[in-house]
Each structure stands twice: as structure tokens, then as C-alpha cells.
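Asker: Attaching a predicted model along with its sequence, questions to come.
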Amino acid sequence: MSVRSTPTPRRVKRKDSNRFDPTPQVDLIIIHANELVTLDSRYGIPRVGKEMKNLAIIQDGAVAISGDYITFIGTSEELMTKIPSNKKTIIIDASNKLVTPSFIDPHTHIIFDGYRENELEMKLAGMSYLEILESGGGILKTVNATRKAPLTRLINNGRKILNKMMEYGTTTIETKSGYGLDTENEIKSLLAIKELNHDHPMDIVSTFLGAHTIPPEYKGKNDEYVEVIVSEMIPRIAKEELAEFCDVFCEEGIFSTEQTKKILLSALKYGIKPQIHIDEIVDTNGALLAAELNAVQVGHLLKSNDKGLEALKRSKTIATLLPGTPFCLMLKDFAPARKMIEMGIPIALATDLNPNCWTESMQMIIALACYHMKLSPAEALTAATINAACAIERQDEIGSIEVGKKADIVVFDVPNHNFLPYQFGVNLVSKVIKNGKVVVDFEKLPK
Ligand code: NIG
Ligand code: FE
């Protein structure tokens, strides 16, 4: 199965979503969906607390698409009476199938070279993530390989990952630099992201993560490296418009909360918005810092304390939970997702795809979220779609199936959303629609 490359999509400018003008030509219709998960925004953007379970499902649902956008949703009966199709209209019969907004993966690291499959044996022998890093493995091993890789190699590596992500139902991601750790190689990584965003049907939001770890040449001179990030990298990246967000790995022995603040405030001066890796291994009061800095999203939160969570609740920051990481690190504890939902903190899910935790599959992440963090299937689906859109500030365009939103939709070959975590470890996708075009079609495989 290959992902079909489409030309850069024509973007129809919308004046405002209440006055959407449907294009007369209906290009694509999905009809008879057993469950059409709309995630209607009337029930909250982001969805929090009890509303996370409310998928706003239409039974025997139908969708009409014109160009890149959704122009109608309703029951199949309503569609048949209201929406004229013609010979050119593509009709997808979704009988016995589940139709959802496509996945958004709001925290990934896809730009790297080399592998780290050898580290599994180290983990099995009891070495921790930071011990592997201190021994020159982990992020540093990937930095070494990524620095040596030409731009074209990083683009090709990234393309392979994007193809697989799309086959598994993801049509928008956030991804980061962070394995260059010097100006030239960080820029190279961001250029790879830019090129892929232009070339591939996946929509990609770009983040600068020069503060991923201390590069070997600055060992013991952490503040000097922070100075390079602030005075050299950020101004260049801003000038070349290579990143929308700036991220920092705020962790004991990596970047302190003070250094994190300095980096993110300096990025903000250039209009580059903050996000942070927080409280992954040690509680460094990351949640409190994130709320104070109005971070758009924060990742991990395995160890966040109650005061920090309270502060997050009062902020607009989205807590992006990454259960693939504790799974790959063989940790006993996952992020306290139930507690967060009960507190009303908006949560999203992401793969955190990186050479330590390599999965392209948001279906896998939904399964981990249910089995290890006790999310219900509906809560996990909400976190992987509309709430994930909020984590990258794309909630007005994607994340739900509503008139005026982009037609980014997945048809799953299962009867309902409970199957997403239930039938795990396999790809349940039947078709993926991106900007109104079918880009993945498993129905075309011989039966
Ligand atoms: O989010 N924790 C920091 N960064 C990544 C891992 C990067 C790596 O191990 O290569 C993460 O888990
Ligand atoms: Fe990460």
C-alpha cells in the first residue's frame, strides 16, 4: 500500500465558518457510516472532563465534500434528499464501518538518521534512559548520525515515516528538529521539515528543539550552549521562518527551569510560541512553569505534582500525553490521565515518534492510553483528534467532521469506535481522505 502524492492542495479561504459557501460541485460522498464520529464543537473545544466521552456520533451517517472541505454532514437519508451528486461524484459506501476525523499527531521527532534498536537490550539489563544518554547513547547517538546525514537523506527518512503515518490514519503532525544541536544542523533539520511539508500530502507543523540535550562540545558548559540557542539559533530560525513553535527538554541534568524560561521567552520575542517536554523522569515543577509561560502544549507529565496540575487546569495549555514513551522505557507509571480528566485538564495524545519510541500508529497509542492510562475508547479518540488539533492551534480547521472544516477523514473497517483499542496491533484503516482526496485505499488490495 502506498500513499498517493497529491499536488499541493488548493486552499479555499473561508471568511468565517458561519458563512461557509458550499461549492456547487460535490466531489466525494461518504454514505451509510455505521458510526460517523463528528466530535461536533458544540460540546467543547478542547473537550474536557465528561464531555471527552461525547463523540457526537451520527448513526447511518453521511458526509459530502467539495474540494478540500466538508459541505454537509447528516444522516444518509438527509444526504440523499438534500445533496445532488453527479456522474463525477466519488461515492464511498461505509456500511458496517466507522468514520472519524483523521488523527492529528501533535508531538513527534521524525527528522533523524540512524537507529537505536540496540538500546532495548540495555533497557532489559536495567539501564535507565538517562544512563543510556550519559554513556553516549540515546539522543547523542542520534545526533552523531544526524549531523553526518545530508539533507536529502533526512528528507527521505522523514518521507518513509510520513507515508506510514498516513496509512495508519494520521493526516497532520507536529514535528521537531533536535538532533542537530548546532546552528547548521538544526537549520538542516528544519529545512527537511519545510521540504516535506511542501512535498507530502501530510500537513506538518514545525518546531525548533535546539534545546533537546547538551551537545558533546558543550559538555559541562550548559549555559554557554543556551546562549548559542538564544543569540544565534533563534534569530536565524525566526528570520528564515522555519519554526512556528519552540520546545525545550526541561529535565534534571538537561535544561533547568531557568534555562527553559530563558529560551522560550527569547523565542516568544520573535513570535515563536512555547511548548515544553516536562516532568518526564523527574518532577522539576514543569507543569507550573508551563502554565506560567502560557505554553501551547506540554508533553509527557509523568511526574507532574498537584500544584502544577492545578496551575495547568487554570491555564489554556494542552497536556499532551505520550504513553508510547513509558511503554518503550518499560516504566511502571504512566501519566495520571484519569486524574487530569477529572480535574478538567484538556488532554491530547501523540506518538512522540523518535528513535527511542518508534511507532507511526496513533491506533497503537489509543490502545496504550486505554490499557495503561485507563482512558475509555471515546476519550482516547477525542484526545487523538479534536484535542490534538488544539495542541497545535489548528482546531478551527481540523479535528472534527463539521461543515467548513477540511475534509481530513478516516474510514475504518470496523463497526464502531470501541474497536480502535480492542482489536490492537493491526491497522484497521480502510481509507484515508486528506483535503478531500482519497490518499490511502486498502480496499484496492486484492480480496
Ligand atoms: O520526547 N525526552 C526527550 N525527547 C524525546 C526522546 C528523544 C530520544 O530519545 O531520541 C522524548 O521522549
Ligand atoms: Fe518528545
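Answerer: Perfect, I can see it now. Ligands and ions are numbered 1, 2, ... in the order given.
Asker: what residues does the chain put near ligand 1?
Answerer: Neighbours of ligand 1 within the chain, by C-beta under 6 Å from any ligand atom: 109, 138, 139, 142, 249, 277, 280, 325, 352, 354, 355, 356. Bear in mind the C-beta positions are built from the backbone N, C-alpha and C, glycine included.
Asker: can you do 8 Å?
Answerer: Counting by C-beta under 8 Å from any ligand atom, the chain comes close to ligand 1 at 107, 109, 112, 116, 129, 133, 138-139, 142, 178-179, 209, 212-213, 249, 251, 254, 277, 280, 299-300, 322, 325, 352, 354-357.
Asker: May I have the phi/psi pair for the residue nearest to residue 63 when sequence neighbours are not counted?
Answerer: Excluding its sequence neighbours, the residue lying closest to residue 63 (C-beta to C-beta, 6 or more residues apart in numbering) is residue 30, at 4.5 Å. Dihedral angles of residue 30 (phi, psi; degrees, to the nearest 10) stand at phi -110, psi 130.
Asker: mind listing what residue 30 touches?
Answerer: Contact analysis of residue 30 by C-beta atoms under 8 Å, 6 or more residues apart in numbering lists 36, 61, 62, 63, 65, 92, 94, 99, 409, 411.
Asker: Check the offset of stretch 396-412 from the chain's centre.
Answerer: 15 Å (C-alpha atoms, centre = their mean, to the nearest Å).
Asker: For the strand or helix carrying residue 141, which residues meet the burial criterion?
Answerer: Element membership for residue 141 (DSSP states H and E) is helix 138-148. In terms of neighbour count (16 or more other C-beta atoms under 10 Å), helix 138-148 has its buried residues at 138, 139, 140, 141, 142, 143, 145, 146, 147.
Asker: What is that helix packed up against?
Answerer: Applying 3 or more C-beta pairs under 8 Å, 6 or more residues apart in numbering; DSSP states H and E, one finds that helix 138-148 makes contact with helix 129-134, helix 183-199.
Asker: I'd like the C-alpha coordinates of the next helix or strand after that helix written as PDB, please.
Answerer: Once helix 138-148 ends, the next helix or strand along the chain (criterion: DSSP H and E) is helix 151-167. In PDB, the C-alpha atoms belonging to helix 151-167 read as follows (Å, rounded to 0.1, in the frame of the first residue of the first chain):
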ATOM      1  CA  LEU A 151      19.600  17.000   3.800                       C
ATOM      2  CA  THR A 152      18.300  14.600   1.200                       C
ATOM      3  CA  ARG A 153      18.800  11.600   3.400                       C
ATOM      4  CA  LEU A 154      16.800  13.300   6.300                       C
ATOM      5  CA  ILE A 155      14.000  14.100   3.800                       C
ATOM      6  CA  ASN A 156      13.900  10.500   2.500                       C
ATOM      7  CA  ASN A 157      13.900   9.100   6.100                       C
ATOM      8  CA  GLY A 158      11.100  11.500   7.000                       C
ATOM      9  CA  ARG A 159       9.000  10.700   3.900                       C
ATOM     10  CA  LYS A 160       9.000   7.000   4.800                       C
ATOM     11  CA  ILE A 161       7.700   7.800   8.200                       C
ATOM     12  CA  LEU A 162       5.000  10.200   6.900                       C
ATOM     13  CA  ASN A 163       3.800   7.500   4.400                       C
ATOM     14  CA  LYS A 164       3.400   5.000   7.200                       C
ATOM     15  CA  MET A 165       1.700   7.600   9.400                       C
ATOM     16  CA  MET A 166      -0.800   8.300   6.700                       C
ATOM     17  CA  GLU A 167      -1.500   4.600   6.100                       C
END
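Asker: Pop out the phi and psi values for residue 104.
Answerer: Per degrees, to the nearest 10, the backbone of residue 104 is at phi -120, psi 130.
Asker: Name all residues that make contact with the residue in the stretch 151-300 of the chain that ligand 1 sits nearest to.
Answerer: Ranked by C-beta to the nearest ligand atom, the top residue of the stretch 151-300 of the chain for proximity to ligand 1 is residue 249, at 4.6 Å. By C-beta under 8 Å, 6+ apart, the contact set of residue 249 is 178, 209, 211, 212, 213, 255, 277, 280.
Asker: ok, now with 6 Å
Answerer: 212, 277 (C-beta atoms under 6 Å, 6 or more residues apart in numbering).
Asker: Let me know which of the helices and strands packed on helix 138-148 is tucked in deepest.
Answerer: Scoring those by mean neighbour count under mean count of other C-beta atoms under 10 Å gives helix 183-199 as the most buried, with a mean of 20.
Asker: Just confirm residue 32 is within a strand.
Answerer: Yes - Residue 32: assigned to a strand according to DSSP: H, G, I helix; E, B strand; the rest coil.
Asker: and the residue nearest to it when sequence neighbours are not counted, how many neighbours does it have?
Answerer: Spatial nearest neighbour of residue 32, chain neighbours left out: residue 95 (4.5 Å); criterion: C-beta to C-beta, 6+ apart. Using other C-beta atoms under 10 Å, residue 95 has 11 neighbouring residues.
Asker: Nice, that's everything, thank you.
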